[in-house]
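> fold the following, please.
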Amino acid sequence: MKKILFGLLIGASFISQSCINDNEDPVAVSPIEGSIVSPLVGGATEPNQVWFDLSEGKEVLTKRTDWDLAFYSGSNFKVVLNSSIMIAAGKIPSATNIDQVTEASVATLKTQVQVANFNPANEIYIDNVKGNFPTDYTAIEDVKAVDSENAIYLVNMGKEIFTGAVPIGSVSTGGDSRGWMKVQVVRSGDGYKVKYAEVGATTHKELIIAKNAAYNYNFVSLKNNKEVFIQPEKKKWDICFTVFTNIITGAGSYIYADFVTHNNVGGVGAYEVVVTSGSGVEAYNNFKSSNIDQSKFIYNDQRIIGSNWRNPVGTNGLEVYGDRFYVIKDTDGYYFKLRFTRLTDSKTGERGFPQFEYKPL
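Coordinates of the predicted model:
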């Protein structure tokens, strides 16, 4: 993501040149030589989202409950739900005035706007899990230019982070309910206006959100009535460790721990390499830039790594799959190989302490 400065130190230049010669492939060379990383997910309740930049070896931590809605900063007008805390949204039928929505008018809808209740019908209340925005489906429809054409939504605000004890080897992805809100989003110039309130309130609050093209999204905490910083700039992160609402075919939405997304909205591509014979570690070590298959990069689904890297119910207990690794291309054309080395704390066995190693190609 970062441009290599013109005045690189002689030693760094020598390293970069060596990489090109070793691989005999004139691809862009990352400013960093790779390393082993232990992202600070935070333990068995996995309270943190960790945004990691491979080219600079830097991470940014945010708490999963720090935000509720994200507003797309591109040319389209899209609103994205925080899937890491199981937020869901459903259109309130016939509602035209947010202040006139009452608890009684949404009582039935509350039983439907749920996540992870093993009901395939609940998929309409979450965003498309591929995350290929701005084109993918979102539970809150695209924000239209005419205010009255934008529906009022009942928003299930998801779950707080669990605060109790978690048995070793297990995870707890959610605690107490965060309640419900009614929300309407309209345009404000080239940005957004968010109208929102507790369901039973007879007045509402408003926030104005101006788009910032340096970022994929602007983020808002309705709970704290303000815009908040969450993701780094769109060219300054590649992968994110998070809890994630995914889909199980035939069972609807489901919440996953130990999930890793890649920054497909920012232009990052990824694919998985599964080793069918021999040592996975050896295959990873021997993989070089000439082995990259451009046709395999996926840019329209953020779940390529997902939860595929770990087995929480393995025959030998919790384990990292040793037969696979990942190839990642960032927005500046740098290539990396990445494999996971740990799922739990090496001493205590507690979940939420992953580890990976990576190297530029």
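> so what's the residue nearest to A283 when sequence neighbours are not counted up against?
Distances taken as C-beta to C-beta, 6 or more residues apart in numbering put V275 closest to A283, at 4.4 Å, once the chain neighbours are dropped. Backbone N, C-alpha and C define where each C-beta goes, glycine included. For V275, the contact set (C-beta atoms under 8 Å, 6 or more residues apart in numbering) comprises 283, 323-325.
> hey, which helix or strand in the protein has the poorest pLDDT?
Of all helical and strand segments in the chain, the minimum by mean pLDDT, DSSP states H and E falls on helix 10-23, at a mean of 32.
> what's next to stretch 109-120, contact-wise?
With contact meaning C-beta under 8 Å, 6+ apart, stretch 109-120 is reached by 86-90, 92-93, 121-122, 125-126, 154-156, 158, 180, 245, 250-255.
> hmm, back to that, I'd like the next helix or strand past the least confident helix or strand of the chain.
strand 35-37 (DSSP states H and E).
> partners of that next one, with directions?
strand 351-360 (antiparallel) (DSSP bridges).
> ok, back up a step: next one: the residue nearest to A283 from N286, what distance?
For V275, the distance to N286 equals 10 Å [C-beta to C-beta, to the nearest Å].
> same question for I255.
Separation of I255 from N286 (C-beta to C-beta): 37 Å.
> so those two - more neighbours on which side?
More neighbours surround I255 than the other of I255 and N286, with 20 against 10 (other C-beta atoms under 10 Å).
> show me what the helix or strand harbouring that one packs onto, helices and strands only.
For I255, the host element (DSSP H and E) is strand 252-262. Applying 3 or more C-beta pairs under 8 Å, 6 or more residues apart in numbering; DSSP states H and E, one finds that strand 252-262 contacts strand 239-248, strand 351-360.
> extract the C-alpha set from the last one and format it as CSV.
Included here for strand 351-360 are C-alpha records, laid out as CSV according to Å, rounded to 0.1, in the frame of the first residue of the first chain:
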residue,chain,number,x,y,z
ARG,A,351,-8.8,-19.2,21.8
GLY,A,352,-8.4,-15.7,20.3
PHE,A,353,-4.6,-15.8,20.1
PRO,A,354,-3.9,-16.6,16.4
GLN,A,355,-0.6,-16.3,14.7
PHE,A,356,0.5,-16.2,11.1
GLU,A,357,3.7,-15.8,9.1
TYR,A,358,4.0,-14.1,5.7
LYS,A,359,6.6,-13.0,3.2
PRO,A,360,6.6,-10.8,0.1
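> ok, and for it, which residues are buried?
By neighbour count with 16 or more other C-beta atoms under 10 Å, strand 351-360 contains the buried residues 351-360.
> helices of the protein, start to end?
With DSSP state H, the ranges of helices along the chain come out as 10-23, 107-110, 280-286.
> tell me the contacts of F241?
39, 41, 48-50, 52, 258-260, 354.
> who wins on neighbours among these?
V260 (27 neighbours).
> just give the closest residue to that residue, not the sequence neighbours.
Nearest to V260 is I305, by C-beta to C-beta, 6+ apart, at 4.1 Å.
> give me phi/psi at the one you found?
For I305, the backbone dihedrals (degrees, to the nearest 10) come out as phi -80, psi -60.
> tally of neighbours for it?
Neighbour tally, I305, other C-beta under 10 Å: 23.
> ditto for D190
10.
> ok, now the one 4 residues further on?
Applying the criterion other C-beta under 10 Å, we find 23 residues in the vicinity of V194.
> for it, give its distance to S188.
Distance of V194 to S188, computed by C-beta to C-beta: 9 Å.
> who's the residue nearest the centre of the chain bridged to?
Compute the mean C-alpha point of the chain, and by C-alpha atoms, centre = their mean the closest residue is T261, 5.1 Å away. Bridge pairing for T261 (DSSP bridges) gives the partners C240.
> I'd guessed it sits against G131; true?
Yes. Using C-beta atoms under 8 Å, T261 is in contact with G131, at 6.9 Å.
> what residues sit buried inside stretch 331-345?
For stretch 331-345, by 16+ other C-beta under 10 Å, it's 331, 334-340, 342-345.
> contact partners for L69?
L69 touches 79-82, 87, 140, 183, 194, 219-220, 222, counting by C-beta under 8 Å, 6+ apart.
> ah, wrong one, I meant I126
With contact set as C-beta under 8 Å, 6+ apart, I126 has these partners: 81, 83, 88, 115, 139, 245, 253.
> quick check: pLDDT value at it.
Looking at I126, its pLDDT is 97.
> any idea how far N119 is from it?
From I126 to N119 the distance is 12 Å (C-beta to C-beta).
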